[in-house]
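> missing the sequence, but the structure's below:
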């Protein structure tokens, strides 16, 4: 019961990348967005070119992230809500792996949120081939 929308700019240039690994990054980000967005919310995947990079963002209208957590989101085993069970909240390595894979492709990844209940956006960029 979450709406998913995509917006991919036409004519995006190729990137030099391992397709399976970038799919892994995208699936992790979309999976997280779906997990933390309540029924009736929305997830948006947007891809576009900016200078010599292809940018991909995953935005949601979910629970958001408090500012004090943003700098640590990509740290191994870091979990915003430590009270969540491992089965319901994950192990805290998905974003670490996503960051490693993006950086291995010469890219960057960032997280943004205006705070609790304001949703979040994760954006990664990969250099054009």
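On my side now, so go ahead. Note that this is a predicted model, so its numbers are computed, not measured.
> where does residue 32 land in three-state SS?
Following DSSP: H, G, I helix; E, B strand; the rest coil, we place residue 32 in the helix state.
> which ones are touching it?
58, 94-95, 122 (Cβ atoms under 8 Å, 6 or more residues apart in numbering). Any C-beta I mention is one placed from the backbone N, CA and C, and that applies to glycine too.
> got a list of contacts for stretch 40-50?
Against stretch 40-50 from outside (Cβ under 8 Å, 6+ apart): 1-9, 12-13, 26, 30, 33-34, 37, 54-62, 119, 125, 128.
> the residue lying closest to residue 38 once chain neighbours are set aside and residue 113, how far apart?
The shortest distance from residue 38 to any non-neighbouring residue, by Cβ to Cβ, 6 or more residues apart in numbering, is to residue 62 (6.8 Å). Going from residue 62 to residue 113 by Cβ to Cβ, to the nearest Å gives 9 Å.
> need the residues touching each of these two.
Contacts common to residue 62 and residue 113, judged by Cβ under 8 Å, 6+ apart, are 119-120.
> thanks a lot, catch you later.
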